[in-house]
Each structure stands twice: as structure tokens, then as C-alpha cells.
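>>> predicted model, plus sequence, below.
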Amino acid sequence: MMVEGLYTKREDGRKFDEVRPMKAKVGIVPSADGSASFETGKTKAIAVVRGPRTLHPQHMQNAQTGILRVSYGMMPFSVEDRIRPGPNRRSEEISKVTEWALSSVVDLSGFPNTVVDVFVQIPQADAGTRVAGINAAALALAHAGIPMKEMVSAIGVGKIDKTLVVDLNKYEDSIFHDGEGSTDIPVVMTSRTKEIALLQLDGKISVDEFKETIEMAKKACDDILKVQMDALKNVSEESNE
Ligand code: CDP
């Protein structure tokens, strides 16, 4: 059941539960241990993986397991207003939540004292960059052969007035910020057990709307997973040629 609201038609003609056109590619940086890109509409994320390698300084090592370290950043010309290069509060937060989401599926117990670095960069942003970054990073980790219990797929669900929609673009992201009781909910879901690896909620939502959000996220993540699996399949076919 779709919750009725004032936002009755999407600006770009999509259905409320429709993800923007997606593209995924694995192996975009040949010198890296793993790499991938993930696009939805005009939002593009690139992820590069390096490791596992011995972690320095030594006192940060964990003798039981390797650790995952994520760095997220938007390129200066990824949006119309130039973004100042270097870390800021937002990029620190997104790096951390990406790390948490991926850590729930990555198993580095076979690589004690090591680190796996994941660099996520956004060359072009039209909202939903953290979830696009997570989709790219999961692909890059799989490409690097890092043991993963399952894949993860990520999507943003937004509430515009009373209407729930998936994969907001920047226009929708800015109108929903003006609406009353609006919220934007990034959801990361595991591929097999359908567990929620990350959910960020900063706003008001009813219990029914929340249930609907999870259902919409689940369906969108299934669509995203297909695109991710196709990208992984294509790279293994290429390397077998
Ligand atoms: O990108 P995401 O939706 O994960 O995070 P956000 O902080 O909600 O940002 C939403 C969008 O605002 C970004 O995807 C960019 O398109 C835009 N943005 C911007 O124009 N300038 C910034 N400094 C940060 C974000």
C-alpha cells in the first residue's frame, strides 16, 4: 500500500518505487586489488580497494582479525558549487557509516594484523552518494577477493510530504527538506539473509510508513543486487578470455 500524499507525481516521471537508471562496472582500476563504479542517474561513485596489507603503526594492529578502513570523499567539481577538497564532518560521518555497513559482511579473521583500505570517491553527485558509494565499495571488495559472508546493496528512501519514494535525486532531496515531517532514510541490506546492515533515520516517520520504507528498500535492493551481480559476472568472464 502506498501512503497517499501531496507529492503525487515524480519530477522525472519515475514510479515511487523506481530506482534511477543504474550502471555498474568492476575492474575499472587495473593496478588496484579491487575496483568498481556504481551509477544511478547522474550520481556516480567509484571505489578502489587496497589490501589486506600489514597495518602500521603496529600498536593499531589487531592480532585476531584484519580491519576495514573506509575513506569517502566528494570531488571538488562533483556539484555545481565547488566543494572544498579534504575531509569535513559530513565526509567523516559517511566514511564511518560505510565502514560499519561493510564490516557486517566482510570477514577479515583470516588476515590478522592487516588493514583493507576502501577509497570511495564521488566524481558526480545528484543525491544518494553514500548509498551509491556503498554499492560500489561492496563490488570492489568482492573484486579484490576479500571474504564476504554475503553482498550488500544500498538505497535511500525519502518521505516527501506524506509520499514515500526511493532513490531521491537532488531536486527531490531539496523539496523534501522544505516539507513538514520529511525524512531521508539510507538503508543497506544484505543479499541473502536480508538483514539491515545500516539504517540512518533523521526525521519523523510513523510505524506504518517505516514498515513501508523497509519493504520499498528491500525491493529496490533486489533490483540493485541484480545489477551488481551482472557486473561481477562480466568481469570474471572478461578475465577468463
Ligand atoms: O549524498 P547523500 O544523499 O548520501 O548525502 P546528503 O548529505 O544527504 O547530500 C545530498 C546531496 O546534496 C548530495 O548527494 C549532493 O548532491 C548534495 N551536496 C552538495 O551539493 N554539497 C555538499 N557539500 C554536500 C552535498
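Arrived safely, thanks for sending. As the structure is a prediction and not an experimental result, all values here were calculated from the model.
>>> would you mind listing what in the chain touches the ligand?
Counting by CB under 6 Å from any ligand atom, the chain comes close to the ligand at 79, 83, 90, 125-130, 170, 173. Quick note: C-beta positions are derived from backbone N, CA and C, even for glycine.
>>> can you pick the most crowded of these?
Counting neighbours by other CB atoms under 10 Å, the top entry in these is residue 128, with 28 neighbours.
>>> doesn't residue 167 make contact with that one?
Yes. Using CB atoms under 8 Å, residue 128 makes contact with residue 167 at a distance of 5.9 Å.
>>> and for the two, which residues touch both?
Between them, residue 128 and residue 167 share these contacting residues under CB atoms under 8 Å, 6 or more residues apart in numbering: 40, 155-156.
>>> closest to residue 72 out of these?
Taking CB to CB as the measure, residue 72 lies nearest residue 156 of the shared contacts of residue 128 and residue 167, at 15.0 Å.
>>> quickly find the element holding the closest one.
Here residue 156 sits within strand 152-160, counting by DSSP states H and E.
>>> name the helices or strands packed onto that strand?
Using 3 or more CB pairs under 8 Å, 6 or more residues apart in numbering; DSSP states H and E, the elements in contact with strand 152-160 are helix 89-103, helix 129-143, strand 163-166, helix 170-178, strand 183-190, helix 207-240.
>>> strand partners (parallel or antiparallel) of it?
Strand 152-160 sits in its sheet next to strand 163-166 (antiparallel), strand 183-190 (antiparallel), going by DSSP bridges.
>>> mean pLDDT and distance to residue 231 added to the ones you listed, as CSV?
Below are the strands paired with strand 152-160 laid out as CSV (pLDDT from 0 to 100; distance: least, CB to CB, whole Å):
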stretch, mean pLDDT, distance to residue 231
strand 163-166, 94, 20
strand 183-190, 94, 18
